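# Take this sequence and fold it.
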Amino acid sequence: MRCWSLVVYWQNTRVIEPLFAEAFGVLLFESNMDDSLYDEFGNYIGPEIESDRESDVEDEDEELPDNPTEEPASSDGEDGAGASNGWITASNDVDMDNQIVLAEDKKYYPTAEEVYGEDVETLVMDEDEQPLEQPIVKPVRNLKFELGVKDSSTYVSTQFLLGLMSNPALVRNVALVGHLQHGKTVFMDMLVEQTHHISTFDTNSEKHMRYTDTRIDEQERRISIKSVPMSLVLEDSNSKSYLCNIMDTPGHVNFSDEMTAALRLADGAVLIVDAAEGVMVNTERAIRHAIQERLPIVVVINKVDRLITELKLPPKDAYHKIRHTLEVINNHISVASSTAGNVQIIDPAAGNVCFAGASAGWSFTLQSFAKLYVKLHGIPFEANKFASRLWGDMYYHPDARVFRKKPPAAGGERSFVQFVLEPLYKIYSQVIGEHKKSVETTLAELGVTLSNAAYRLNVRPLLRLACSSVFGTATGFTDMLVQHIPSAKDAATRKVEHIYTGPRDSTIFKAMEDCDPSGPLMVNVTKLYPKSDCSVFDAFGRVYSGEIQTGQTLRVLGEGYSPDDEEDMTVKEVTKLWVYQARYRIPISKAPPGSWVLIEGVDASIMKTATLCNVDYDEDVYIFRPLQFNTLPVVKTATEPLNPSELPKMVEGLRKISKSYPLAITKVEESGEHTILGTGELYLDSIMKDLRELYSEVEVKVADPVVSFCETVVESSSMKCFAETPNKKNKITMIAEPLEKGLAEDIENGVGPNILLDDTLPSEVDKNLLNAVKDSIVQGFQWGAREGPLCDEPIRNVKFKIVDARIAPEPLNRGTGQIIPTARRVAYSAFLMATPRLMEPVYYVEIQTPIDCVSAIYTVLSRRRGHVTADVPQPGTPAYIVKAFLPVIESFGFETDLRYHTQGQAFCLSAFDHWAIVPGDPLDKSIVLRPLEPAPIQHLAREFMVKTRRRKGMSEDVSINKFFDEAMVVELAQQAADLHQQMI
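Predicted coordinates for the structure are as follows:
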């Protein structure tokens, strides 16, 4: 038995103390050993001791998997076989009583793994590592930004809905589009009420539920901000059911990007027009946009009751008002169709116009109204023939019982007034007049009897009840969709031709045309909706061929994908699928072609739109075209977090903003500031609210809004500009000149608003060598066009001509690193020699106002460099419409200013219209800019350029030496000297 002692050296005296080793944890020595085995400091220097070897063996054993059945492993680890109940561990051959364990090796408590088991993840936290107010385990974030619904039961079963979904011939995909406050959301409410076991009208507050305004801020602002879809089973007049996928879109021009995303998924547009206001700015834009997307249009004349209750027009005038509105719509359609072809006529007699008073819950077409007469009088006559005589200059002759184009001798009203408007006016005037007897009589004539309790209701609820009893459900609207909007199957060919970028002779194209459920999977995603915690998004798209299923692995192709460049591609698994119903979702296991579907699990790599397809497919898959918007994001603001350490959170929030808003662009300037580009003030306000409250949850500072500029030229370059590559082996010569008027807008839809033209002659330039570096020159030109020389803003409306090129024959001397910067530099120098100018975006402003405020509007506009293009009375109303152009940079605060000067009577909407040249020369150094003083009109270009350069952290003036070669500068000086000589 070995005896252990504590050895202390003190002034060369060796003292042997009792056994205190465990308490002090100092060096241990064996007392019976010779002094020669230790150095003067008491360190052991003798031969290796047996116990050391044992401990080495123990360490090795510890690493081996212990197998107690074969041989007991000697271990001092946590899981060793010799462990004494997880506390102090010792080797088996040592007596526990005399075993010495150092303080740092002593184990006072079992490890978390021993207590909870290996399958539980445990975290060890040092004290005070987290602030007290921060919970150790974060609760699940559940942001209250959306409204749900308690009861989502419908009149038809979910099974029935899914059955209709699997037959593309019975599916209609439409988008409700139109101007702000024209009643799109309330019209959806009417359809929701007719398909669900809920009332969308609160009889106490007399307010509508606005079912598809799912966000709380939409309810508070009382406008729609996001497009929201619903899949409703609607019956036509023959009681046949159809699945109508309807997308409710915002009417504010700032949010027209949502309308673009909705029209991409739809096969037709339902244009909703306020009967009193008629065609407004966004109505016009919606018509143009639908025709660009090659979609048929049907019209709903909504709020017909405003003609009765607000404008108090007699039935005859109401007819003329409606007719005028339809004529204006047809004019806009024919103008827009002149570019797209295939002109469509909107005509109530043809059945593509529906009349509605959605707030009172009624709608009808002439055809459904004619059927109402057939049902009412019980006389079998052809409803369609009757309907065709209910519009236009048709008069009923009661004596001969025929319709003629001339009025009867005794006089009489047009058939529409007599048979449609007069009964409608009668119901309204009597219900509002609250004369119970006359209401009963009128309703009895229309075959309707109401209970006594109903007559005790307030006017609006009674009106809703009376009208819905007379006109029934929206069968006329469904008939219109069925007859004038193609089914998902019939529309597929036209749709796919328009949006698919791949070849038309491919198997994929054929499968999409046929809506083939067994074909290759192709889904076009155009919208992303945030989940309740706003951390991830669900993707909303349309299935064109194949069937998308839960658990399926698929490829997500981004907007930058092509078969040659597969970088923008990820593989994801679909975790869940739903039919999106605004305030609730119906989970499904698969979605067939022609249907709209909400997909979970694929959003990570999607920024705006995407194409989903099978993982492995032999044929090349191409993407669906990115969305083509009818406006540009020209207003921008810079943001930074209040607390700089929260920058990563804000950047992540900005990424989510970019996903949530189709047209929003978020980017980092060279100066490091984060900018957000949007369409207008309301758009940016909505973005900032989402950024602060939903997506980053940090306090964000916002700079004053500014605008995007463009750079252009107004003359041809005054000399041929050239640039040599750094190795002096290549030389490119170029000139710049303005493009022909209107050409930039046309080519912009395809590529960009500039042209690079090879204007060299084969006799002067080796075309083979030039073609060898063509890609590099194009890249240099695109780089230059993206960031112009004046203030790093895009170049626009410029034609660059390559007039000479000397290219090195050896590939080594004409690499991309040589050519690209040189091509950019020569483009810049040609640009600067062609009288450069700055361009600013201009809004088209439409202002609704009473006549007495028109002069005040002129004053407000003239102060802001705006000018009126027209002021016209709104037909049939006391209002005026003032149309004007206003530079976007002058528009900030314009709406508030306008309301102030018109006592809140004028209302305006602004949408981007065109680019205009800013007055003045941006390179005129003689202009002195005085701080805090408004610059004169001719100094504006200089002011805008200098301030933009300052904001971006650039030097105040454009440095010519930066873009001109030395030889060019010498030539310029020579030209100036010659000119001076001539003048003398």
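# any idea how far Arg825 is from Asn961?
Using CB to CB, to the nearest Å, Arg825 is found at 11 Å from Asn961. (C-beta placed from N, C-alpha, C; glycine too.)
# Could you check which of the two has the larger neighbour count?
Set Arg825 next to Asn961 and count neighbours by other CB atoms under 10 Å: Arg825 wins out with 25 against 9.
# What residues sit buried inside stretch 936-954?
Within stretch 936-954, the residues that count as buried by 16 or more other CB atoms under 10 Å are 939-946, 948-949, 951, 954.
# Tell me which of those residues fall in helices.
Within those, residues falling in helices by DSSP state H are 940-946, 948-949, 951.
# Just checking, which of those residues comes out lowest on pLDDT?
Ranked by pLDDT, these bottom out at Arg951, which scores 87.
# re the thing from before, how about the ones in helices among the buried residues of stretch 936-954 in TSV, adding distance to Arg899?
Below are these laid out as TSV (distance: CB to CB, whole Å):
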residue	distance to Arg899
Leu940	27
Ala941	31
Arg942	33
Glu943	28
Phe944	28
Met945	33
Val946	33
Thr948	30
Arg949	35
Arg951	30
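# nearest to Ser36, of those?
Arg951 (82.2 Å; CB to CB).
# Find the centremost residue of this protein, please.
What sits nearest the mean C-alpha location of the chain, by CA atoms, centre = their mean, is Pro662, with 1.9 Å.
# Burial check on the residue nearest to it when sequence neighbours are not counted, number of neighbours?
Counting by CB to CB, 6 or more residues apart in numbering, Pro662 lies nearest to Asp257, which is 4.1 Å off, once chain neighbours are set aside. By the criterion of other CB under 10 Å, Asp257 has 24 neighbours.
# which SSE is Asp257 in?
Element membership for Asp257 (DSSP states H and E) is helix 256-265.
# and the next element down the chain from that helix?
Later in the chain than helix 256-265, the nearest helix or strand by DSSP H and E is strand 268-274.
# Parallel or antiparallel, list what pairs with that next one.
Using DSSP bridges, strand 268-274 pairs in its sheet with strand 171-178 (parallel), strand 297-302 (parallel).
# Show me which strand runs longest in the chain.
strand 836-850 (DSSP state E).
# What mean pLDDT does that strand get?
Averaged across strand 836-850, the pLDDT comes to 96.
# Next: stretch 758-776.
Stretch 758-776 carries an average pLDDT of 92.
# Next: stretch 316-333.
For stretch 316-333, the mean pLDDT works out to 96.
# Can I get that stretch as PDB, trimmed to CA atoms?
C-alpha atoms of stretch 316-333 as PDB (Å, rounded to 0.1, in the frame of the first residue of the first chain):
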ATOM      1  CA  LYS A 316     -83.600  60.000 -67.900                       C
ATOM      2  CA  ASP A 317     -80.400  62.000 -66.900                       C
ATOM      3  CA  ALA A 318     -79.100  58.900 -65.000                       C
ATOM      4  CA  TYR A 319     -79.400  56.900 -68.300                       C
ATOM      5  CA  HIS A 320     -77.400  59.600 -70.100                       C
ATOM      6  CA  LYS A 321     -74.800  59.700 -67.300                       C
ATOM      7  CA  ILE A 322     -74.300  55.900 -67.400                       C
ATOM      8  CA  ARG A 323     -74.200  55.900 -71.200                       C
ATOM      9  CA  HIS A 324     -71.600  58.700 -71.200                       C
ATOM     10  CA  THR A 325     -69.400  56.700 -68.800                       C
ATOM     11  CA  LEU A 326     -69.600  53.600 -71.000                       C
ATOM     12  CA  GLU A 327     -68.600  55.700 -74.100                       C
ATOM     13  CA  VAL A 328     -65.500  57.000 -72.300                       C
ATOM     14  CA  ILE A 329     -64.600  53.500 -71.300                       C
ATOM     15  CA  ASN A 330     -64.900  52.300 -74.900                       C
ATOM     16  CA  ASN A 331     -62.800  55.300 -76.100                       C
ATOM     17  CA  HIS A 332     -60.000  54.300 -73.700                       C
ATOM     18  CA  ILE A 333     -60.200  50.700 -74.800                       C
END
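# From here on, call the first residue 412.
Okay, using 412 as the starting number, the last item reads as stretch 727-744.
# Could I get the buried residue list for it?
Using 16+ other CB under 10 Å as the burial criterion, the residues of stretch 727-744 that qualify are 729-730, 732-733, 736-737, 739-741, 743-744.
# Surely Leu1249 touches Phe1355?
Yes - under the criterion of CB atoms under 8 Å, Leu1249 makes contact with Phe1355 at 5.8 Å.
# Overlap of the contact sets of these two?
Shared contacts of Leu1249 and Phe1355 (CB atoms under 8 Å, 6 or more residues apart in numbering): 1120, 1202, 1329, 1333.
# what's the closest of those residues to Val870?
When those are compared against Val870 (criterion: CB to CB), the nearest one is Phe1120, at 54.6 Å.
# pLDDT value on the residue lying closest to Thr1246 once chain neighbours are set aside, please?
Leaving aside its chain neighbours, Thr1246 sits nearest to Glu1126 (4.3 Å; criterion: CB to CB, 6+ apart). Listed pLDDT for Glu1126 reads 94.
# What average pLDDT does the host helix or strand of Phe814 get?
Phe814 belongs to strand 813-815 when assigned by DSSP H and E. For strand 813-815, the mean pLDDT works out to 92.
# ok, now stretch 1145-1159?
In this model, stretch 1145-1159 has a mean pLDDT of 85.
# swap in stretch 515-526?
Mean pLDDT, computed over stretch 515-526, is 81.
# Just the CA coordinates for stretch 911-926, please, in PDB.
Provided in PDB are the C-alpha atoms of stretch 911-926 (Å, rounded to 0.1, in the frame of the first residue of the first chain):
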ATOM      1  CA  TYR A 911     -43.700  32.200 -70.900                       C
ATOM      2  CA  THR A 912     -40.200  33.000 -72.200                       C
ATOM      3  CA  GLY A 913     -39.500  29.500 -73.600                       C
ATOM      4  CA  PRO A 914     -40.000  28.100 -77.100                       C
ATOM      5  CA  ARG A 915     -43.500  27.300 -78.200                       C
ATOM      6  CA  ASP A 916     -42.700  23.900 -79.700                       C
ATOM      7  CA  SER A 917     -41.600  22.400 -76.300                       C
ATOM      8  CA  THR A 918     -43.500  19.700 -74.300                       C
ATOM      9  CA  ILE A 919     -43.800  22.100 -71.400                       C
ATOM     10  CA  PHE A 920     -45.500  24.700 -73.600                       C
ATOM     11  CA  LYS A 921     -47.900  22.100 -74.900                       C
ATOM     12  CA  ALA A 922     -48.700  20.800 -71.400                       C
ATOM     13  CA  MET A 923     -49.400  24.400 -70.200                       C
ATOM     14  CA  GLU A 924     -51.700  25.000 -73.200                       C
ATOM     15  CA  ASP A 925     -53.700  21.900 -72.400                       C
ATOM     16  CA  CYS A 926     -53.800  22.500 -68.600                       C
END
